[in-house]
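*Asks:* turn this into a model:
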Amino acid sequence: MPTPPYTPFNTERAFKPIAGVTRYIGIEGGSFFDAILRGFFGYNPPMVWPATTASTNKTQMLELTAIREPTLPRGFGGRLLHLRTPLGLATIKSGPQGLVAQLE
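*Replies:* Predicted coordinates for the structure are as follows:
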């Protein structure tokens, strides 16, 4: 809460990642990478990947199933290299037109 007592859930159980410190959210080390992966590069894979066949264009399947809002510009230019996916290693590029995913 923006005003005292600042902790509106005093009677609720809290997750305590550090001894002696009460926090209501986790402090996982992977959350920074998750923010980059999902927020900046839009990689949000499905829990279960669709089946692939020999005629399936795997790069197109990667963009359609795992990249969130690929046409939305992210405000920076950059590349995420060697991302391991069930379809193989991939590179995601961010630019003025949004995101482009390519299998390596």
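*Asks:* what about the strands in this structure?
*Replies:* Counting by DSSP state E, the chain has strands at residues 15-18, 21-23, 78-85, 88-95, 98-103.
*Asks:* from Arg68, how far off is the residue lying closest to Leu83 once chain neighbours are set aside?
*Replies:* The shortest distance from Leu83 to any non-neighbouring residue, by C-beta to C-beta, 6 or more residues apart in numbering, is to Ala90 (4.8 Å). Just so you know, the C-beta spots here come from the backbone N, C-alpha and C atoms, and that holds for glycine as well. Distance from Ala90 to Arg68, counting by C-beta to C-beta, to the nearest Å: 15 Å.
*Asks:* settle it for me: which of those two has more neighbours?
*Replies:* Higher neighbour count among Ala90 and Arg68: Ala90, with 22 against 13, using other C-beta atoms under 10 Å.
*Asks:* what sits against that one?
*Replies:* With contact set as C-beta atoms under 8 Å, 6 or more residues apart in numbering, Ala90 has these partners: 62, 82-84, 101-104.
*Asks:* filter those residues down to the buried ones, ChimeraX style.
*Replies:* Entered in ChimeraX, the line below selects the buried ones among the contacts of Ala90, by 16 or more other C-beta atoms under 10 Å:
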select :62,83,101
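*Asks:* and of the contacts of Ala90, the nearest to Phe40?
*Replies:* Leu83 (12.3 Å; C-beta to C-beta).
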